[in-house]
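[1] Quick one: sequence plus predicted model below, questions after.
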Amino acid sequence: MAEPLPHGLQVIADASDVETALKIALARGGSRLQIPQKAEGSVLAEIVGIDAARKIVKDLANERLTIPLAKKALAFSLAARGWSQEKIAVELKVTRRTIQYWLTGNTPTRQIDMFDDCA
């Protein structure tokens, strides 16, 4: 099951598509992105290509968006493209085990049981 996109990426996905939003997250996650008035020659076009940049500019010109890291959503997307857990972990700068937990939905709890030692 895919992870829902955080707000900043969903806005971009609505203007273009999910694939484009995830490309932006990989390139600029954790920062703000100023959507230019023109796609031609922009950083945005360098990241996603001119056609996708034109779609985004059409709906979001002059907007300043916060681009979240969205690592969990990216992990699902990259896994769907056949990337190995190891390769995803390196790309997202997390452990392979974290990727495994996210993809399987079996993240262990860090909460200790308060009553383990009570008898």
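    Now that the structure is in, tell me what you want to look at.

[2] Confirm for me that Ala70 is in contact with Ala25.
    Yes: counting by C-beta atoms under 8 Å, Ala70 touches Ala25, with 4.6 Å between them. Yep, even glycine has a C-beta here, placed from its N, CA and C like the rest.

[3] Spit out the residues that contact these two alike.
    Jointly contacting Ala70 and Ala25 under the rule C-beta atoms under 8 Å, 6 or more residues apart in numbering are Leu9.

[4] Quick one: low-confidence residue ranges for this structure.
    Low-confidence segments of the chain, defined by pLDDT under 70: 1-3, 113-119.

[5] tell me what the one helix or strand Ile88 maps to is packed against?
    Secondary-structure assignment from DSSP states H and E places Ile88 in helix 85-92. Under the contact criterion of 3 or more C-beta pairs under 8 Å, 6 or more residues apart in numbering; DSSP states H and E, helix 85-92 touches helix 71-80, helix 96-104.

[6] give me that answer again for 10 Å
    Applying 3 or more C-beta pairs under 10 Å, 6 or more residues apart in numbering; DSSP states H and E, one finds that helix 85-92 contacts helix 18-28, helix 71-80, helix 96-104.

[7] what angle sits between the first one and helix 85-92?
    Spelled out, it's helix 18-28. 60 degrees (axes from the mean of the first three to the mean of the last three C-alpha atoms, to 10 degrees).

[8] Now helix 18-28: buried residues?
    18, 20-26, 28 (16 or more other C-beta atoms under 10 Å).

[9] quick one, what contacts the residue nearest to Gln34 when sequence neighbours are not counted?
    Excluding its sequence neighbours, the residue lying closest to Gln34 (C-beta to C-beta, 6 or more residues apart in numbering) is Arg64, at 5.1 Å. By C-beta atoms under 10 Å, 6 or more residues apart in numbering, Arg64 lies in contact with 32-35.
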